[in-house]
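1. Here is the input, now give the coordinates:
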Amino acid sequence: MVPFAGWSMPVQYAGVVKEHQAVREAAGLFDVSHMGELRLRGPDALAVVDSVITNDVAKLKVGRAKYTVSVNEGGTILDDLIVYRKGEQDVLVVCNASNVAKMSAHFARHAEGRCDFEDQSAGTALIALQGPKAVDVARDAGAPEAILGLGKFRLADAEIGGAAVTFARTGYTGEDGYELFCANADAAALWRHLMAAGEAHGVAPAGLGARDTLRLEACLSLYGNDIDETTNPFEAGLGWVVKLDAGDFIGRDALRKIHDAGLSRKLVGFEMTGRGIARHGYPILGADGAKVGEVTSGSPGPTIGKNVGLGYVPIELSTPGAKLGIEIRNKVIDAVVVETPFYERQ
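-> Predicted coordinates for the structure are as follows:
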């Protein structure tokens, strides 16, 4: 157990690699109750959310979700979010644990006088059931057919194991699965119920360590590492969530200027071709040995069998095949830019 964003969180149970493999091959269960849940309700709820995110939620149908980012006036990233449309005038926004206070204040400020706002983070637990056997586990746990057949980025309410649960077909591992929202009081019993239902399918409890290696293989950004208030969505490879013509939102003018000016750097994925593991903060060097950036994320990839990482490099070094050096304990280890994601579910 380690301190994480004000929480005490499990890094590992049986070991990072073992938990990683369980998620890739069967199913893993993660306690991610540290994530933030912000609720906006009322006639202007959709308009308020659209004013502070880069994507277009007004077009989102009830029962569907969308990945997006919220940026500041300068166009850099305040947080990456998943927005769920629970009803015609009911929106749930899930934010990162380290940003709950910041994003809660941000949404509350813009909701004032326009719609109801409630920070439900403290009263909401979140359990992620991830892996190719996730549907089988959910079935044996008593989930109804409507839940078993949920499409990607869809959500629905159901009762399971005596608890009222919102199921979302979302996750942060590169695998199929669900994220289950429930009241704190029901979380421990729900966890035990899912573990019992999953025993025959090889379900394993998984911690922060496996969550990080899984998301890195799938090239899913981590706030505070790969994206933050010094990065913009375009250079982070998130231009696809920026809808410049969908309507006005905070930071739109800045993002239009950034888009029109073109990129000077880009977040890339690389493989270590020499022996070494890249870690967050290690210098990235160009062919001449000069520092051109820093590793934002790096670790062994248990599924792909390679040491991989992410980092921002000048645009001229961002094409696959470009040679890099990673400085590890005063030694320069060779690396090469590769196509991402490193791993993609078949």
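
2. helix/strand/coil for residue 136?
-> helix (DSSP: H, G, I helix; E, B strand; the rest coil).

3. oh, and call the first residue 137 from now on, that's how I've got it
-> Taking 137 as the first residue, the last one we looked at is residue 272.

4. Got phi/psi on residue 204?
-> Main-chain dihedrals, residue 204, degrees, to the nearest 10: phi -160, psi -180.

5. Touching, it and residue 377? I think so.
-> Yes. With contact defined as C-beta atoms under 8 Å, residue 204 counts as touching residue 377 (4.9 Å). Quick note: C-beta positions are derived from backbone N, CA and C, even for glycine.

6. Compute the distance between residue 297 and residue 221, please.
-> Here residue 297 is placed at a distance of 26 Å from residue 221 (C-beta to C-beta, to the nearest Å).

7. Mind checking which of those two has more residues around it?
-> Using other C-beta atoms under 10 Å as the criterion, residue 297 and residue 221 rank with residue 221 on top: 23 against 18.

8. ok, and the closest non-adjacent residue to the more buried one?
-> Excluding its sequence neighbours, the residue lying closest to residue 221 (C-beta to C-beta, 6 or more residues apart in numbering) is residue 196, at 4.6 Å.

9. and if you look at residue 189?
-> Spatial nearest neighbour of residue 189, chain neighbours left out: residue 204 (4.6 Å); criterion: C-beta to C-beta, 6+ apart.

10. Next up, the contacts around the one you found.
-> Residues counted as contacts of residue 204 (C-beta atoms under 8 Å, 6 or more residues apart in numbering) are 189, 190, 191, 193, 216, 217, 218, 219, 377.

11. show me where this structure has helices.
-> All helices of the chain, identified by DSSP state H, fall at 152-161, 181-188, 236-247, 270-276, 281-284, 320-334, 344-353, 388-397.

12. Switch the ones you listed over to CSV; also include mean neighbour count, mean pLDDT and distance to residue 302.
-> As requested, the helices of the chain are exported to CSV (neighbours: other C-beta atoms under 10 Å; pLDDT from 0 to 100; distance: least, C-beta to C-beta, whole Å):
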stretch, mean neighbour count, mean pLDDT, distance to residue 302
helix 152-161, 21, 98, 22
helix 181-188, 22, 98, 17
helix 236-247, 18, 98, 19
helix 270-276, 22, 98, 13
helix 281-284, 14, 97, 10
helix 320-334, 17, 98, 12
helix 344-353, 24, 98, 21
helix 388-397, 15, 98, 31
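
13. Can you say which of the contacts of residue 204 are buried?
-> The neighbour-count test (16 or more other C-beta atoms under 10 Å) marks 189, 190, 191, 193, 216, 217, 218, 219, 377 as buried among the contacts of residue 204.

14. follow-up on the earlier one: so which of the contacts of residue 204 sit within strands?
-> Counted as lying in strands by DSSP state E, out of the contacts of residue 204, are 216, 217, 218, 219.

15. check contacts around the first one.
-> This points to residue 216. Applying C-beta under 8 Å, 6+ apart, we find residue 216 in contact with 203, 204, 205, 232, 357, 359, 363, 374.

16. For PyMOL, write the select line for the buried members of those.
-> To isolate the buried members of the contacts of residue 216 in PyMOL, using 16+ other C-beta under 10 Å:
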select buried, resi 204+205+232+357+359+363+374
